[in-house]
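In: coordinates only, sequence not included:
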């Protein structure tokens, strides 16, 4: 393709400008909505020293979280029946470099650390079970709220349809 072809008269040129105007207008609105807090009047426009101190240890990107979820995904595919506690322990063991830390210790220290960790197992399991129960309760609460919202939405829509029709709707929608 020659350079002249790029600059040649094109019959679509009168359509391109309005399309680009629309696209850039939408992009501008989306960027403003997503980055509002970072603009001049936003809450992150001029961070205070306290906010900088609070967020100093926060990672600038989410590579580690992406890596953890990729590891979890791979482990779930490899071992679909593995418990969440097992998967969590394996990922934490890998991320915390526990094996390397333990290898650097003398055999006596290794044995002492392992002996000290064994009695903690029941407490760790109990904590995990409590956390699992709390998560399950929160999921059930969110599901119940969603069902109530859906029922209210259906009821509202039915009332609107009845108002438009001027009569009571006799059919029931299948759910």
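Out: Good, I have the coordinates. Since the structure is predicted, the reported quantities are computational estimates derived from the model, not experimental observations.
In: In contact with residue 90, which residues?
Out: Residues counted as contacts of residue 90 (C-beta atoms under 8 Å, 6 or more residues apart in numbering) are residue 75. Just so you know, the C-beta spots here come from the backbone N, C-alpha and C atoms, and that holds for glycine as well.
In: let's see it at 10 Å
Out: For residue 90, the contacting residues are 71-72, 75, 79, 82, by C-beta atoms under 10 Å, 6 or more residues apart in numbering.
In: Could you dump the residues you listed into CSV and include secondary structure?
Out: Formatted as CSV, the contacts of residue 90 follow (DSSP: H, G, I helix; E, B strand; the rest coil):
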residue, secondary structure
71, helix
72, helix
75, helix
79, coil
82, coil
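In: Among the residues you listed, which one lies nearest to residue 161?
Out: Residue 161 has its nearest neighbour among these in residue 72, at 45.4 Å by C-beta to C-beta.
In: Output the longest helix belonging to this protein.
Out: Across the chain, the longest stretch assigned as helix under DSSP state H is helix 121-165.
In: Which strands or helices does that one pack on?
Out: Helix 121-165 is packed against helix 84-95, with contacts defined by 3 or more C-beta pairs under 10 Å, 6 or more residues apart in numbering; DSSP states H and E.
In: quick one, the helix it packs on and helix 121-165 angle?
Out: 110 degrees (axes from the mean of the first three to the mean of the last three C-alpha atoms, to 10 degrees).
In: Buried residues, helix 84-95. List them.
Out: residue 91 (16 or more other C-beta atoms under 10 Å).
In: Distance from the chain centre to that helix, please.
Out: Relative to its chain's centre, helix 84-95 lies at 20 Å (C-alpha atoms, centre = their mean, to the nearest Å).
In: Quick check: what element follows it along the chain?
Out: Sequence order places helix 98-103 as the next helix or strand after helix 84-95, per DSSP states H and E.
In: do you know how far residue 110 is from residue 99?
Out: To residue 99, residue 110 is 11 Å away according to C-beta to C-beta, to the nearest Å.
In: tell me which element residue 57 is part of?
Out: Going by DSSP H and E, residue 57 is not in any helix or strand.
In: what's around it, how many residues?
Out: When neighbours are defined as other C-beta atoms under 10 Å, residue 57 has 6 of them.
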